[in-house]
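Novice: Sharing a sequence plus its predicted fold:
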Amino acid sequence: MCGIVGIVDAGDVSIPIYYVLYALQHRGQESAGITTFDGKKLFKYKDKGLVAEVFNEDILQELKGFAGIGHVRYPTTGEKIAENIQPFSFSFRGRNYAIAHNGNLTNGYTLRDEFEKRGQIFSTTTDTEIIGNIIADELRKSNSMEDAVLACMKKLEGSYSVVFLSEDKVYAFRDPLGIRPLCIGKTKSGHMVCSESVAVDALNGKFIRDVRPGELICISRDGLESVQITESSGRGHCVFEYIYFARADSVIDGRLVYDVRRKIGQALHLEAPVEADLVSPVPDSGIAHATGYSESSGIPYREGLIKNRYMGRTFIMPTQEDRENAVRIKLNPVKGHLKDKSVVIVDDSIVRGTTSRRIINIIRETGAKEIHMRVGSPPLKAPCYLGVDMPTREELIASDKSNEEVKESINATSLHHVSVESLINAIDMPAEDLCLGCLTGVYPLWIKGEKACPRYLDFVGGTYQSNIKEFNED
Ligand code: AMP
């Protein structure tokens, strides 16, 4: 879970990249970084914290150049140390490069070991540096970026959407299954690639299309070029992007995330109708799902909980009681909406169950009569190895508990998770194009100790198509 961007434009790109990272802040709050190139050298700045905390006008003025990449990080691999903050930059044979990555490699340790045996040293503990090493290794042999990305796609296992700054060009590629999102946009005088379409909107740009799974895109001042490196027998788009992770106003692989969530909400009503006085979301993650439940059922949508918008990251409170109180600062119940009422409360997912338990507690204390919990994801049964921060089976409340047991544990009057079938219908893609690993325990690629229904890859290679018409159509 990270957000990435790459832009080549007529003028300086640091401020546009800053705004894009702002739009992608939900994809990672731990650190942020920008690297730019001005025709002669790289400029870089990165630090721990939110985008607004890391950058200011003076810093952005110093980041000169018409080409650049940026990153917001939510750690899935690698420790929380300063060296792991992206983008990473390096120079190789007199040229300057920088790389940023969203995803998680399932063979990262094996690859690192392979490189270390050859005497390669690493300065970080992340997967991203491994990708940088493979690219540098290939560039040494053939000096061709297509060959370098082909080598990556042959070696890397897992999920990876990557932006790579090679002096005045930005390259971007997406793993052959398209697990994490990546899309292309046109700005007023240049082009961009970014994790979600909301980032194109942030620059008032024009969304062109998603990067295809297995595709390499090159952005330069001359425009866009594309080459299909790998064809796959199926895809593995992450369902959790639609359920929770992406912003509701993003369009991912042709689907408006808000619409998918609304359809999930409608399915929740059809699968588990109940008589109630109001449908209330858990803000903000359950809002779109709750509108769907309300539309389908005719039960009024009314917020029963209000979120404090100005809440930054909460301190880790020393005692359980302090932690419980911190939830109340974040979420306050609207007592007048809830007292003596039957409430359908809708959230996107239950992971450990802690949030739902606390929320139901808060609502019960207002004097609500019944609390019917409806959940926008099927029960989470297995961990994610492909880039979403999801705990082990032991910590996932639904991995070994029945619906009735989870209901008891969170103290709800009734509980229903949307079915896998309805989720697939809401996303409106064939099941073989989705990664359902966290729901079914069957993954779209081999993962040690897990079941898989792997897709087969054909490394087609090929040469660049300057697909001017497709990229420049208005
Ligand atoms: P839990 O208390 O562990 O059951 O957390 C469930 C809540 O966390 C849900 O309301 C989700 O909105 C949110 N959530 C789900 N997945 C994640 C994730 N990978 N990282 C952070 N929050 C999440």
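Specialist: In hand now; what should we look at? Because the structure is predicted, anything quoted here is derived from the model rather than measured.
Novice: Every contact and neighbour count from this point should use C-alpha atoms.
Specialist: OK.
Novice: Please spell out which residues along the helix or strand containing residue 270 are buried.
Specialist: When elements are assigned from DSSP states H and E, residue 270 belongs to helix 257-271. For helix 257-271, a neighbour-count test (16 or more other CA atoms under 10 Å) marks 257-269 as buried.
Novice: Briefly note if the helix or strand following that helix comes near the ligand.
Specialist: Toward the C-terminal end, the helix or strand that comes next after helix 257-271 (DSSP H and E) is strand 278-281. No - in terms of CA under 6 Å from any ligand atom, no part of strand 278-281 sits within range of the ligand; the closest distance is 10.2 Å.
Novice: by contact count, what packs against strand 278-281?
Specialist: Judged by 3 or more CA pairs under 8 Å, 6 or more residues apart in numbering; DSSP states H and E, the packing partners of strand 278-281 are helix 287-297, strand 342-347.
Novice: now the longest one, how far from the centre of its chain.
Specialist: On the basis of CA atoms, centre = their mean, to the nearest Å, helix 287-297 sits 24 Å off its chain's mean C-alpha point.
Novice: Can you give me the neighbour number for residue 94?
Specialist: 7 (other CA atoms under 10 Å).
Novice: Tell me how far it lies from residue 394.
Specialist: Note on residue 94: its distance to residue 394, by CA to CA, to the nearest Å, is 49 Å.
Novice: My guess is residue 166 contacts residue 91. True?
Specialist: No - at 9.8 Å, residue 166 does not count as touching residue 91 under the criterion of CA atoms under 8 Å.
Novice: Let's see the distance spanning stretch 286-304 from one end to the other.
Specialist: When the termini of stretch 286-304 are compared using CA to CA, they are 12 Å apart.
Novice: And for that stretch, what's in contact with it?
Specialist: 248, 258-259, 261-270, 273, 276-281, 333-335, 337-338, 345-348, 376 (CA atoms under 8 Å, 6 or more residues apart in numbering).
Novice: hang on, residue 358 in a helix?
Specialist: Yes - counting by DSSP: H, G, I helix; E, B strand; the rest coil, residue 358 falls inside a helix.
Novice: Now residue 148: phi and psi?
Specialist: Dihedral angles of residue 148 (phi, psi; degrees, to the nearest 10) stand at phi -60, psi -40.
Novice: Count the residues that sit near residue 298.
Specialist: By other CA under 10 Å, the residues close to residue 298 number 12.
Novice: roughly how far apart are it and the ligand?
Specialist: Distance, residue 298 to the ligand, using CA to the nearest ligand atom, to the nearest Å: 24 Å.
Novice: Please apply the same query to residue 327.
Specialist: Noted for residue 327: a distance of 11 Å to the ligand, by CA to the nearest ligand atom.
Novice: and residue 166 and residue 91? which has more neighbours close in?
Specialist: residue 166 (21 against 12).
Novice: residue contacts, the more buried one?
Specialist: Listed by CA under 8 Å, 6+ apart, the contact partners of residue 166 are 95-98.
Novice: let's go with 10 Å and repeat that
Specialist: By CA atoms under 10 Å, 6 or more residues apart in numbering, the residues touching residue 166 are 37, 42, 67-68, 89, 91, 95-99, 145, 218.
Novice: for residue 132, same thing?
Specialist: Taking CA under 10 Å, 6+ apart, we find residue 132 in contact with 88-90, 97-101, 148, 152, 164.
Novice: For the residues you listed, give me JSON lines that also has neighbour count, secondary structure and distance to the ligand.
Specialist: As requested, those are exported to JSON lines (neighbours: other CA atoms under 10 Å; DSSP: H, G, I helix; E, B strand; the rest coil; distance: CA to the nearest ligand atom, whole Å):
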{"residue": "88", "neighbour count": "24", "secondary structure": "strand", "distance to the ligand": "24"}
{"residue": "89", "neighbour count": "19", "secondary structure": "strand", "distance to the ligand": "28"}
{"residue": "90", "neighbour count": "16", "secondary structure": "strand", "distance to the ligand": "31"}
{"residue": "97", "neighbour count": "25", "secondary structure": "strand", "distance to the ligand": "31"}
{"residue": "98", "neighbour count": "26", "secondary structure": "strand", "distance to the ligand": "27"}
{"residue": "99", "neighbour count": "27", "secondary structure": "strand", "distance to the ligand": "24"}
{"residue": "100", "neighbour count": "33", "secondary structure": "strand", "distance to the ligand": "20"}
{"residue": "101", "neighbour count": "32", "secondary structure": "strand", "distance to the ligand": "18"}
{"residue": "148", "neighbour count": "22", "secondary structure": "helix", "distance to the ligand": "32"}
{"residue": "152", "neighbour count": "19", "secondary structure": "helix", "distance to the ligand": "27"}
{"residue": "164", "neighbour count": "25", "secondary structure": "strand", "distance to the ligand": "26"}
